[in-house]
Each structure stands twice: as structure tokens, then as C-alpha cells.
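*Asks:* the following comprises the amino acid sequence and a computationally predicted model.
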Amino acid sequence: MFVITIFYAGVLALVYIFLTARVIHGRYTGRIGMGTGGDEAFARKVRVHGNFAEFAPFALLLLFLVDYSQYNPIIIHIIGIALVAGRLLHAWGLSGSGGASFGRAAGMILTLLVIAVCAILLLWKFFVLRLTGF
């Protein structure tokens, strides 16, 4: 059973709902049907939502595969916490400024680190299984 991944999927789903609600609210209050209506603050909300939708599902899939590969639960929690922290930092950093910011940079670094660590763990497991014949 993949209880650990289920937890992080639930947390990330709630973050996604929140980010979606911000975009919906911005469209409603700004009467913006399509695009961003030239509103820079709203454009940032759209990109925060879009970036989350682009990176969170893939990273979560990799986390699930690491979980499925029966790695130590502590490792899975560390990766899950880093993923949530990375996505929250990125959302916070990009929401405040369209330019460079600590949150935006740290969030992307953490997210990409999660993806890289998961990839390495999965490749390691693959080659160990191949070499041992399992």
C-alpha cells in the first residue's frame, strides 16, 4: 500500500485547488474570459497555477514509483516534504513578483532536485534488480 504517496497527493491536490480558485476569482473580478487581460498580477496567478500543473503531477508520479519500489519510508517522506515545500515556495515567490525571487528560485531548485533524486533512485533500483535477477 502506498500510504505515503497518497498523503502527498492529497496535500498537493489541496494546493492545486487553492491556486485554481485564485485564477477563477481573478477571472471573475477582472471579467477576463480568455488570456490575462493585460493584468500583470493576474498573469502571475495564471503562471503560478500553470507551473504547478506542469511540475507537480510528474514529480508526484515519480514519488509514487519510488514508493512502489519499496524504498525506506523516511526517504519517501523527505522527498514528499521537499516536493510540497518546493511547490509552495515557487507559488509564493512568483505570486509576489514576476522577476527573480528567493521563493521562485528555491522552489524550482527543490522541485527539480526531487525529480532528479527520484530519477536516480528509480534507475538505481532498475539496475540493482537487473543485476540480481529479480
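*Replies:* Right, received. Where do you want to start?
*Asks:* assign the most centrally placed residue in the chain to helix, strand or coil.
*Replies:* For the chain, Ala56 is the residue whose C-alpha lies nearest the centre (Cα atoms, centre = their mean; 2.8 Å). Secondary structure, DSSP: H, G, I helix; E, B strand; the rest coil: Ala56 is helix.
*Asks:* wait, what's in contact with the residue nearest to it when sequence neighbours are not counted?
*Replies:* Spatial nearest neighbour of Ala56, excluding adjacent residues (Cβ to Cβ, 6 or more residues apart in numbering): Leu12 at 5.2 Å. C-beta: built from backbone N, CA, C; applies to glycine. Applying Cβ atoms under 8 Å, 6 or more residues apart in numbering, we find Leu12 in contact with Ala56, Leu60, Leu83, Val84, Arg87.
*Asks:* how far away is the fourth one from Ile4?
*Replies:* Summarising the geometry, the distance separating Val84 from Ile4, computed by Cβ to Cβ, to the nearest Å, is 12 Å.
*Asks:* what do you get for the last one?
*Replies:* According to Cβ to Cβ, Arg87 and Ile4 sit 17 Å apart.
*Asks:* quick one: low-confidence parts of this protein?
*Replies:* 1, 98, 134 (pLDDT under 70).
*Asks:* mind doing that once more with 50?
*Replies:* Applying pLDDT under 50 to the chain flags no residue at all.
*Asks:* how about the helices in the chain?
*Replies:* 3-30, 40-68, 73-96, 102-132 (DSSP state H).
*Asks:* if we can go back for a sec, Leu19 is in contact with the residue nearest to the centre of the chain, correct?
*Replies:* No - judged on Cβ atoms under 8 Å, Ala56 makes no contact with Leu19 at a distance of 9.7 Å.
*Asks:* please name the residues that touch Val15.
*Replies:* Applying Cβ under 8 Å, 6+ apart, the residues near Val15 are Phe52, Ala56, Val84, Arg87, Leu88, Ala91.
*Asks:* got a list of what the fifth one touches?
*Replies:* I take that to be Leu88. Leu88 sits in contact with Val15, Gly107, where contact means Cβ under 8 Å, 6+ apart.
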